[in-house]
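Trainee: one predicted model, sequence on top.
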Amino acid sequence: MSARMILDSFPMLAVMHNSNNAELAMASPPLRAIDLLGDVHLAATTDARCWTLSAEKVIDEPLGQGDVAAKCAAIESAQQQPSSGPTLHLISTWGDAYRPEVSLHISNSNNTHGNGDGPSDFGALNSLLGVTAYTASVYMTARPLCSYTLEYDNTQENITAITFLVRCPRTFHSIICILRIRISDLSSVALLSCTLPDELAELRTLCTSNTSLLRATPLGLLSLILDQRSRSWERWVTQVWIESNQIEGLTRLAPADWLMNRLPPARSRELAADPDKLLEQLRSTDVQICHGQNVMAFAARYAAFCFESVALVERARAGGGVRLKPAARAMFEDRIRFMQSRCCSVQERFAEMRERHRGQINVMFSLIAQKDSKVNRAVAGLNLDVARVAAVDSRTMKTIGVLTLVFLPSTLVTVSTPFVSINPQFPWSKWGI
């Protein structure tokens, strides 16, 4: 998908609504470096679900090719009507527009419903979410991201909508969330995508089991992402800690009662016998620890972003004299606070493992130096043996030289006597006696 097609899919100006719901999305600033947008990777057909949560009911429906555009049109039409309460429309799919091997399963083909000239699923969804040319980079980066954009009314003084953009990683797998909240009644539309289908199913289950939180505030979706990720990070740090613990057992840097002993015996003997392979395993674990520290630094930033988000929504709603109920805000902040504590524990564990790994690396270099020293001593021993053999050969050559000098004069005297004569008549005979 080219950069020009991407720009065509994003709204530059939102449609102005009536005075009851006066809402104007500010124009995107001119984008000078259009080539920086790059490409997004989208599937040929749409495969998504729409989970709708209102005060009365919950609706979960599949969305195929063209259904997303039709659903977005229906949601936008419903937003023009007087609101009976906040409604959350969560469109979820799997894939990542940044990675071609797992393309985002939202099609950019024209709407197949009707005459086929309608907006694409991808374009209609981004228009509804308020994604602009510069915020579209949430699709085109692998880096962690948490930010928001504001939309104002005609007077350009009152906030009418806030769009939250999140990319939450775990190694190469990210959760992407774009959440647009209308300030007047807290109705919201969200796109949720995961690289792994299992993680997407887990998040859908979390949404189903936490309807009270999402009814209290749509920001609960941000806390559910942190909930899923915090447990995923804990499993990850446990796995890395086990690998580090096994290496500490081989290098004898940990007490015996600390060892997990989960390494297969054959692998343990292989690593113990070859320091080079052990160092390779150590470096692999160290790479994960370094990346883990980076990810957990983002986790702390994301938790702070969640607290900032609820404060931002409260400030925006204060102009209309409407605020979140204290219980609703506490329900959200208590979850964030608890998961923030869990993330801090994971971050501290990664920092601890990094310090312990430095000691293991020093021990490994010492073992390799000892191994090289043994090899050098063996080579020196071989050189000594070669020198001894050369000395013996030298003495042998000296003995041969002495014997030659002793017997050569007597040989010449013998040849000069009449007992030995040369007969020129016999060319086949060189000597005659």
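Mentor: Alright, I've got the coordinates.

Trainee: let me know whether residue 189 touches residue 177 as I believe.
Mentor: No - assessed by Cβ atoms under 8 Å, residue 189 is found out of contact with residue 177, at 11.6 Å. Yep, even glycine has a C-beta here, placed from its N, CA and C like the rest.

Trainee: helix or strand with the lowest mean pLDDT in the protein?
Mentor: Sorting the helices and strands of the chain by mean pLDDT, DSSP states H and E puts helix 3-9 at the bottom, at a mean of 44.

Trainee: check which element follows that helix along the chain.
Mentor: Scanning forward in sequence from helix 3-9 by DSSP states H and E, the next helix or strand is strand 48-53.

Trainee: who are the packing partners of the helix or strand following that following strand?
Mentor: Heading C-terminal from strand 48-53, the first helix or strand you meet, by DSSP H and E, is strand 58-63. In terms of contacts (3 or more Cβ pairs under 8 Å, 6 or more residues apart in numbering; DSSP states H and E), strand 58-63 is packed against strand 48-53.

Trainee: ok, the strand it packs on: who's next to it in the sheet?
Mentor: Sheet pairing of strand 48-53 (DSSP bridges) gives strand 58-63 (antiparallel), strand 88-94 (antiparallel).

Trainee: residues making contact with the first one?
Mentor: Pointing back at strand 58-63 there. Contact with strand 58-63 is made by 46, 47, 48, 49, 50, 51, 52, 71, 91, 121, 208, 211, as judged by Cβ atoms under 8 Å, 6 or more residues apart in numbering.

Trainee: show me what contacts the second one?
Mentor: Under the criterion of Cβ under 8 Å, 6+ apart, the contact list for residue 47 reads 63, 64, 93, 94, 105.

Trainee: what of the third one?
Mentor: Under the criterion of Cβ under 8 Å, 6+ apart, the contact partners of residue 48 comprise 62, 63, 67, 68, 91, 92, 93, 105, 106.

Trainee: hey, what's it bridged with?
Mentor: As for beta bridges, residue 48 partners with residue 63, residue 93 under DSSP bridges.

Trainee: low pLDDT regions in the stretch 251-400 of the chain?
Mentor: The model of the stretch 251-400 of the chain has pLDDT under 70 over residues 251-275, 320-321, 364-365, 367-381, 383-387, 389, 391-393.

Trainee: tell me where it has helices.
Mentor: Secondary structure of the stretch 251-400 of the chain (DSSP state H, counting those that start in this stretch): helices at 265-273, 275-318, 326-416.

Trainee: ok, of the contacts of strand 58-63, which come out buried?
Mentor: 46, 48, 50, 51, 52, 71, 91, 121 (16 or more other Cβ atoms under 10 Å).

Trainee: and those as TSV, adding distance to residue 169 and pLDDT?
Mentor: Below are these laid out as TSV (distance: Cβ to Cβ, whole Å; pLDDT from 0 to 100):
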residue	distance to residue 169	pLDDT
46	25	93
48	22	95
50	26	96
51	24	96
52	28	95
71	28	94
91	21	96
121	25	92
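
Trainee: now distance to residue 394 too, for those residues, in a markdown table please.
Mentor: Formatted as a markdown table, the buried ones among the contacts of strand 58-63 follow (distance: Cβ to Cβ, whole Å):
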| residue | distance to residue 394 |
| --- | --- |
| 46 | 88 |
| 48 | 88 |
| 50 | 94 |
| 51 | 92 |
| 52 | 98 |
| 71 | 96 |
| 91 | 90 |
| 121 | 90 |
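
Trainee: between those, which is closest to residue 349?
Mentor: residue 51 (34.4 Å; Cβ to Cβ).

Trainee: contacting residues for the nearest residue to that closest one once chain neighbours are set aside?
Mentor: Spatial nearest neighbour of residue 51, chain neighbours left out: residue 90 (4.4 Å); criterion: Cβ to Cβ, 6 or more residues apart in numbering. With contact taken as Cβ under 8 Å, 6+ apart, residue 90 is in contact with 50, 51, 52, 53, 190, 192, 207, 221.

Trainee: do a quick rundown of the strands in the stretch 151-300 of the chain.
Mentor: All strands of the stretch 151-300 of the chain, identified by DSSP state E, counting those that start in this stretch, fall at 159-170, 173-182, 188-194.

Trainee: which one of the ones you listed lies closest to residue 76?
Mentor: Of these, nearest to residue 76 by Cβ to Cβ is strand 188-194, at 9.0 Å.

Trainee: what's the angle from that closest one to strand 48-53?
Mentor: Counting by axes from the mean of the first three to the mean of the last three Cα atoms, to 10 degrees, strand 188-194 lies at 140 degrees to strand 48-53.

Trainee: would you check how far apart the residue nearest to residue 71 when sequence neighbours are not counted and residue 279 are?
Mentor: Distances taken as Cβ to Cβ, 6+ apart put residue 50 closest to residue 71, at 5.6 Å, once the chain neighbours are dropped. Counting by Cβ to Cβ, to the nearest Å, the gap from residue 50 to residue 279 is 52 Å.

Trainee: can you check residue 297 too?
Mentor: Where residue 279 is concerned, residue 297 sits at a distance of 27 Å (Cβ to Cβ).

Trainee: more crowded one of those two?
Mentor: Just comparing residue 297 and residue 279: by other Cβ atoms under 10 Å the higher neighbour count belongs to residue 279, 18 against 13.

Trainee: can you pull out the low-pLDDT segments for the stretch 51-200 of the chain?
Mentor: 111-117.

Trainee: pull the contacting residues for the closest residue to residue 144 other than its chain neighbours.
Mentor: Once flanking residues are discounted, residue 144 sits nearest to residue 298: 4.0 Å by Cβ to Cβ, 6+ apart. Residue 298 makes contact with 144, 146, 168, 169, according to Cβ under 8 Å, 6+ apart.

Trainee: the second one - that's part of a strand, no?
Mentor: So that's residue 146. Yes - counting by DSSP: H, G, I helix; E, B strand; the rest coil, residue 146 falls inside a strand.
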